[in-house]
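Chemist: sequence isn't available, so here's the structure alone:
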């Protein structure tokens with residue numbers, strides 16, 4: 001039945017010629033609706049009508065601050081039209097953090113349990129559109145039930161799958177995907193291809209997060225593809241321009257790329273037939289544009305899968321010929337996909353000869369009228385570059401750089417710099433290219449590029465003279481960029497003396513070349529050049545007078561940094577002797593070998609979409625850590641029995657009932673402690689750090705200085721831990737013991753690791769723990785960068801209601817330190833070389849009670865520092881050394897002195913490392929450890 005009042009209201013609004021008249025009509029209607037709602041005697045029809053008016057006003061952009069409860073009440077109506085408006089109202093007027101969300105959860109759950117499929121769909125729409133954490137935690141299991149239920153209609157299953165996908169993308173930790181993996185994966189076999197399509201989208205997202213749990217999707221995806229493509233078993237309803245359900249084919253082909261190749265020969269043969277059939281079908285002449293688009297979409301995804309499975313196969317060789325035809329196509333989309341797929345092939349294969357045949361065509365794509373095609377051409381050139389063609393590609397890119405789009409230039413500069421460094425056969429060529437790049441690219445050269453030049457020149461003595469000569473040449477050009485001045489300032493300050501006898505490169509000419517542009521530079525560059533000038537005084541005393549005049553001038557500038565440098569350098573340069581000057585201006589030591597920061601910068605620019613990339617732009621070494629390769633490596637380690645002494649030691653640690661009235665589980669290390677009450681359910685809306693279990697600090701502090709023991713214990717659960725570390729790698733075994741006489745169900749564990757620390761589990765954990773038994777989980781750790789936070793772990797299980805425990809894992813930065821031994825001369829030589837602040841930190845620590853030297857020694861040893869005996873001249877002082885290891889940021893040397901004062905019960909802790917961040921954090925770790933006094937364990 002039409003709502004006449006709503007129709008009249010909409011007509012009145014449309015007839016308003018100016019905003020003032022519309023506002024007047026809106027305010028009048030709002031006042032009328034408020035009055036009607038206050039009466040409380042409205043029929044369902046009237047509520048529906050007034051809520052519709054409010055929604056129309058909201059859509060027009062007016063703020064609606066009432067009527068929410070009426071919309072909530074409409075959800076409970078038995079009439080479809082009223083229920084529909086109620087759901088529309090809460091979807092539009094509520095957001096995920098609204099206080100009213102919890103009021104509708106029970107109504108939504110009731111509609112999910114209803115036998116009316118229409119009501120099911122309305123509820124699923126509301127969950128997907130609002131999608132808050134509270135709604136996800138409360139209703140995810142109901143959505144899952146509708147998805148896997150054999151009684152659910154096909155259209156309900158499709159909506160349930162997409163709703164689950166929305167909840168997982170919004171709150172991945174709420175969905176226990178490993179527990180549901182088998183039942184969700186079985187739906188790929190559903191007779192309805194629409195259901196299969198929806199659930200494939202869901203599985204693709206889940207498999208990227210939990211690849212091992214969804215390995216059983218591989219045979220099902222292959223068999224479904226075989227049925228559709230080879231056996232031609234499909235419904236006519238899903239044929240799109242003579243192509244059977246192309247969307248499902250594309251999604252299944254892409255899903256298989258997240259897993260390593262199957263080892264089942266039958267499945268491999270079946271998949272080979274599928275791919276060969278797709279290649280053969282692509283030879284047919286397309287009937288129209290739509291048929292052509294669908295056919296190409298399937299073909300390109302099939303080629304990507306074939307490359308993923310075996311880049312040397314016969315199918316890939318056929319595909320290479322097809323791609324060569326596509327990159328010459330007149331259609332922009334086809335050229336784009338051809339270049340991208342060929343870049344994929346170049347990124348994983350060892351044989352680039354077939355691709356190099358089309359090098360001229362690929363270079364021409366840089367001048368395509370479409371910028372997206374130009375980007376793919378750049379990616380392909382970067383991926384196919386090697387020693388044999390590096391000079392050609394780099395010279396073409398530099399030539400193109402002058403006319404390239406501004407949006408492309410920074411990315412081009414990074415890729416040129418990486419290729420030049422990676423494939424340079426002559427050091428002089430590397431210097432020429434990079435200096436030419438800095439000179440021509442100007443503002444598009446990031447800090448990382450000239451930092452890297454400085455590192456390489458410093459570490460290669462044969463480059464230093466040539467680099468100084470070339471940078472002086474470039475600085476004399478009329479359009480010298482500021483980045484060139486930075487490079488010149490550093491290189492001439494360190495190695496200018498090597499060219500001082502060459503014509504045109506005398507000390508005063510070097511100084512004049514730099515200083516001619518001094519006034520045009522930024523403050524940071526001026527500060528760098530002042531440091532260069534003080535080095536010139538040490539290298540070339542004959543130009544000291546000219547440089548002192550500059551220092552004297554800048555002693556009075558407003559900028560504090562320049563003023564301080566000028567004053568300090570002036571003081572050093574005018575001292576009676578040159579001892580301090582020579583010490584300050586000693587030649588820079590070589591930089592430690594580490595991964596180029598240019599690669600990290602390039603990876604940052606390659607943004608991730610909703611789905612993870614199945615391959616990375618670059619050579620074969622750039623694709624060692626793709627999802628499928630990592631999963632294959634993990635599987636291989638598990639099959640090779642890499643469960644070593646650590647796991648065996650955990651396996652031998654049994655959990656058994658202690659026989660007490662409370663059924664206590666005996667700890668692994670023999671210590672006992674009073675159990676804490678069972679953990680409460682997780683609080684919605686708080687971060688993990690805000691929900692740490694009560695009393696967790698006591699357990700954490702005991703483990704902070706050791707490698708094994710009890711991490712947490714309450715009346716239901718006991719959590720123990722064992723660990724071992726070597727260099728930047730570590731392994732962590734955690735065992736979970738059920739102390740009760742009933743089974744714990746829906747058991748799930750997730751870890752939140754800080755940036756720079758990779759925490760990966762080795763297998764899927766069981767979802768239940770039997771009475772008085774334990775289960776174990778092994779994690780591998782990799783410290784990639786300096787880490788100042790510890791990982792957090794969340795344990796949830798069903799015991800009457802859902803219980804959640806949040807804990808800190810004792811994986812401190814010091815775990816990745818390797819102890820070393822130094823002689824007295826070596827220690828104090830490095831101590832002096834590191835220097836003072838900010839790399840030196842010092843603190844006076846007053847302890848409670850008397851100083852215990854043996855306890856202090858054990859703390860240093862437990863934090864993996866090597867104690868050097870007879871190094872400190874004062875007996876009783878501790879001297880300790882170590883090397884902090886990371887896989888990406890290199891190594892950091894750590895030196896430490898701990899001086900106890902028995903009279904005042906104080907320690908003086910002094911730490912010097914080659915990183916101020918490591919110095920500060922290591923001080924905090926040891927400060928806490930020295931102050932902590934473990935409470936005596938009691939039963």
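Modeler: Received it, and whenever you're ready, just let me know what you need. Bear in mind the structure is a predicted one, so any value in this text is a computation, not a measurement.
Chemist: I figured residue 483 hits residue 438, correct?
Modeler: Yes. Contact criterion C-beta atoms under 8 Å: residue 483 and residue 438 qualify, at 5.1 Å. The C-beta positions use only the backbone N, C-alpha and C, and glycine is treated the same way.
Chemist: okay, and the common contacts of those two?
Modeler: Listed contacts common to residue 483 and residue 438 are 445, 449-450; contacts here mean C-beta atoms under 8 Å, 6 or more residues apart in numbering.
Chemist: mind putting those residues into CSV with neighbour count?
Modeler: Below are the shared contacts of residue 483 and residue 438 laid out as CSV (neighbours: other C-beta atoms under 10 Å):
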residue, neighbour count
445, 26
449, 24
450, 22
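Chemist: nearest to residue 398, of those?
Modeler: Distance to residue 398 across these (C-beta to C-beta) is lowest for residue 445, with 12.4 Å.
Chemist: in helices only, show me the shared contacts of residue 483 and residue 438.
Modeler: Mapping the shared contacts of residue 483 and residue 438 onto helices (DSSP state H) picks out 449-450.
Chemist: surely residue 803 forms part of a helix?
Modeler: No. Secondary structure of residue 803 (DSSP: H, G, I helix; E, B strand; the rest coil): strand, not part of a helix.
Chemist: thinking it is in contact with residue 714, fair?
Modeler: No. Here residue 803 lies out of contact with residue 714, judged by C-beta under 8 Å, at a distance of 9.3 Å.
Chemist: quick check: mean pLDDT of stretch 254-265?
Modeler: Mean pLDDT, stretch 254-265: 90.
Chemist: next up, phi/psi of residue 517, please.
Modeler: phi -110, psi 10 (degrees, to the nearest 10).
Chemist: ok, and the closest non-adjacent residue to it?
Modeler: Using C-beta to C-beta, 6 or more residues apart in numbering and skipping the chain neighbours, the partner closest in space to residue 517 is residue 485 (5.9 Å).
Chemist: likewise residue 587?
Modeler: The shortest distance from residue 587 to any residue other than its chain neighbours is 6.4 Å, reached at residue 494 (C-beta to C-beta, 6+ apart).
Chemist: what are the buried residues along the host helix or strand of residue 162?
Modeler: Under the criterion of DSSP states H and E, residue 162 resides in helix 154-170. Residues 155-168, 170 are the ones in helix 154-170 that count as buried (16 or more other C-beta atoms under 10 Å).
Chemist: so which residue is dead centre in this structure?
Modeler: residue 755 (7.5 Å; C-alpha atoms, centre = their mean).
Chemist: so which residues of the stretch 151-300 of the chain form helices?
Modeler: All helices of the stretch 151-300 of the chain, identified by DSSP state H, counting those that start in this stretch, fall at 154-170, 177-186, 193-209, 217-225, 246-256, 265-281, 289-309.
Chemist: now those in CSV, with distance to residue 747?
Modeler: Conversion of the helices of the stretch 151-300 of the chain to CSV gives the following (distance: least, C-beta to C-beta, whole Å):
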stretch, distance to residue 747
helix 154-170, 19
helix 177-186, 9
helix 193-209, 18
helix 217-225, 23
helix 246-256, 28
helix 265-281, 32
helix 289-309, 34
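Chemist: residue 908: which of the ones you listed is closest?
Modeler: Ranking the helices of the stretch 151-300 of the chain by proximity to residue 908 (C-beta to C-beta) places helix 193-209 first, at 48.4 Å.
Chemist: what is that closest one packed up against?
Modeler: The elements that helix 193-209 packs onto, with contact taken as 3 or more C-beta pairs under 8 Å, 6 or more residues apart in numbering; DSSP states H and E, are helix 154-170, helix 177-186, helix 217-225, helix 246-256.
Chemist: so which of those helices gets nearest residue 576?
Modeler: Smallest distance to residue 576 across the helices and strands packed on helix 193-209 (C-beta to C-beta): 70.4 Å, for helix 154-170.
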